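# with the sequence up front, the predicted model follows.
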Amino acid sequence: MQDIQLYQQLLGLSAPWEVGRVTLKREAQEIEVEVRCLETVWGCPTCGQRMQGHGHEERGWRHLDSCQFKTMVVCAVPRVRCPEHGSQQVAVPWAGPRSRFTRLFERLAIDVLLECSVLGACELLGISWAEADGIKQRAVTRGLARKPARTLARLCVDEKSAGRGQNYVTIVASVEAGRPATVEYVGEGRKQETLDAYWQSLTPEQRSGVEAVGMDLWEPFFNSTLAQVPGAAGKIVHDPFHLVSYMNAALNDVRKAEPRVLLGAGKKTLSGSKQLWLYGAENLPSARVAEFERLKEQKLQTSRAWAIKELFRDFWHCASVEEGRSFFRRWYDWAIRSRLEPVKKVARMFQRHLDNIVTFFEHRLSNGSIEGLNNKIQSLVKKAYGYRNRERFKTDIFFHLGGLNLYPAPQ
């Protein structure tokens, strides 16, 4: 009787459920716990209407191991025939609907899946890949259903490559102060209608409550936000990281063009210097500072482009929108007079988007948080050796980065 009472307590059972028998199957390394039900009148699991049971269905659930033995809970579960919802199996207290695992086992499995790959979790837990995937899908479905509807004041939008070629998903992340960044939405592609679908899923009050939206210069994201979010013209913030990356690309184009001139004169001045020019001045490796100073003294076009790039980095230290506009005018004049076509092209692009560049000084919002999420998403892709199924890719993003309450409800 002691083993029956033990598992009665471990499973947290109360009337009308009780443990009837515990069987040790030594050769199979398994413990079987048989649960019986003493009730004959049950409630419909959908509407709760009470009615007489009509038959039983034998089912089994994997439970937490006992002394390294695999533990299975088995029960002949009653069925009811509801006039409105048809024939259904009654709910059992130790497991959720459509699950082959007890709630306690699913909690453990979720913790393991959060920490390692699916294959690693399967090996540790002794379950199949399909079973692990089912646990993740149920967890995400629960988490999304529980997620409270609330107004998100600060959001970031970015695309993430989901495979080879032009294969993208659109990510919207919440970056509220005092909270970790969380993925709010994953959409197919990176078209305007992709982001439209997210904005249209919000209530008018939620859209009005958005205070700032960080994004790069991708026009479909800009147009979608402008059309869907009230007052978006003053809320869109073009991300500093992406803007500096445009300047880095322009600098690199100047560097790549210049060696053709130098090599024609028999010089190899810029050989092996690519990374030096892309460093911020404060990040130069100490062992190469002297080398870089010698390069700058040679009055190269690349050196001039680097100085313009570094001055643009100082732009982000301005204290207000007005100071930012004044700084940009001075920087823009220098960039346009530089006679460096890649730099002039980027400067003109920044000028066209200036209204939503200087909004940074009002909202102080960057895409740094969503870039961190993108790095974590890339880690998921590597851990899974890629995703052939797009829905599983989305599920994994929400499972690991959605900030959801994934666990089964306590019994």
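Noted; the coordinates are in hand.
# run through the strands of the chain in chain order.
All strands of the chain, identified by DSSP state E, fall at 17-25, 30-37, 41-43, 50-66, 69-82, 86-89, 154-161, 168-174, 182-188, 212-215, 236-238.
# and the fifth one, average pLDDT?
Mean pLDDT, taken over the full extent of strand 69-82, equals 91.
# low-confidence ranges in the protein?
For the chain, applying pLDDT under 70 flags the ranges 1, 163-166, 259-272, 411.
# can you give the domain ranges for it?
Annotated domains of the chain cover 2-94, 154-233+368-401, 240-363 [automatic domain parsing].
# out of these, deepest packed?
Per-residue neighbour counts averaged over each of the domains of the chain give the maximum for domain 154-233+368-401, namely a mean of 17 (mean count of other CB atoms under 10 Å). For the C-beta atoms, the positions are set from N, CA and C on the backbone; glycine is no exception.
# endpoint to endpoint, that domain covers what distance?
The distance separating the two terminal residues of domain 154-233+368-401, taken as CA to CA, to the nearest Å, comes to 17 Å.
# stretch 354-374 too?
Distance across stretch 354-374, first residue to last, is 26 Å (CA to CA).
# just how off-centre is it within its chain?
A distance of 18 Å separates the centroid of the chain from that of stretch 354-374, by CA atoms, centre = their mean, to the nearest Å.
# quick one: contacts of it?
154, 156-158, 160, 171, 173, 175, 181, 183, 211-216, 222, 233-243, 316, 318-321, 323-325, 328, 350, 401 (CB atoms under 8 Å, 6 or more residues apart in numbering).
# in CSV, list the domains of the chain along with distance to residue 119.
Supplementary listing: those in CSV, determined by distance: least, CB to CB, whole Å:
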stretch, distance to residue 119
domain 2-94, 18
domain 154-233+368-401, 9
domain 240-363, 34
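# which stretch among the ones you listed comes nearest residue 408?
Of all the domains of the chain, domain 2-94 sits nearest to residue 408, with 10.0 Å by CB to CB.
# starting at the chain centroid, how far to that closest one?
With CA atoms, centre = their mean as the basis, the mean position of domain 2-94 lies at 37 Å from the chain mean.
# can you give me the end-to-end distance of that domain?
Between the opening and closing residues of domain 2-94 lies a distance of 20 Å (CA to CA).
# and for stretch 199-206?
By CA to CA, the extent of stretch 199-206 from end to end equals 9 Å.
# list of residues touching the longest helix along the chain?
Taking DSSP state H as the criterion, the chain has its longest helix at helix 240-264. For helix 240-264, the external contacting residues (CB under 8 Å, 6+ apart) are 216-217, 268-271, 273-274, 277-278, 300-302, 305-306, 308-309, 312-313, 316, 340, 342-343, 345-346, 349-350, 357, 360, 366-368, 371.
# same check, this time on stretch 29-43
With contacts defined as CB under 8 Å, 6+ apart, stretch 29-43 is touched by 7, 11, 13, 15-25, 49-53, 63, 66, 68-78, 80, 90, 92, 94.
# try it again at 6 Å.
Outside of stretch 29-43, the residues within contact range by CB atoms under 6 Å, 6 or more residues apart in numbering are 7, 16-24, 50, 52-53, 66, 69-75, 78, 80, 90.
# same question for stretch 144-162.
Contacts with stretch 144-162, where a contact means CB under 6 Å, 6+ apart, come from 168-176, 190, 206, 209, 211-215, 221, 365, 367, 370, 374, 377, 405.
# surely residue 315 and residue 325 touch.
No: at 10.4 Å, residue 315 does not count as touching residue 325 under the criterion of CB atoms under 6 Å.
# all helices for the stretch 251-400 of the chain, in order.
Per DSSP state H, counting those that start in this stretch, the stretch 251-400 of the chain carries helices over the ranges 274-278, 289-296, 301-315, 321-336, 341-352, 360-363, 368-383, 390-401.
# dump the ones you listed into a markdown table; add distance to residue 105 as well.
A markdown table is the format used below for the helices of the stretch 251-400 of the chain (distance: least, CB to CB, whole Å):
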| stretch | distance to residue 105 |
| --- | --- |
| helix 274-278 | 50 |
| helix 289-296 | 58 |
| helix 301-315 | 52 |
| helix 321-336 | 56 |
| helix 341-352 | 55 |
| helix 360-363 | 45 |
| helix 368-383 | 23 |
| helix 390-401 | 17 |
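# who does residue 158 bridge with?
Going by DSSP bridges, residue 158 is paired in beta bridges with residue 171.
# adjust the sequence numbering to begin at 300 for everything that follows.
Right, with 300 as the first residue, what we last looked at is residue 457.
# if I look at it, how far off is residue 493?
12 Å (CB to CB, to the nearest Å).
# do the same with residue 427
As for residue 427, its distance to residue 493 is 34 Å (criterion: CB to CB).
# do the same with residue 483
Here the distance between residue 483 and residue 493 works out to 14 Å (CB to CB).
# one more: residue 695?
Noted for residue 695: a distance of 19 Å to residue 493, by CB to CB.
# cool, residue 446 as well?
Taking CB to CB as the measure, residue 446 and residue 493 are separated by 21 Å.
# same question, residue 535
To residue 493, residue 535 is 17 Å away according to CB to CB.
# could you do residue 621 as well?
When distances are taken as CB to CB, residue 621 and residue 493 turn out to be 36 Å apart.
# likewise residue 573?
When residue 573 is compared with residue 493 (using CB to CB), they lie 35 Å apart.
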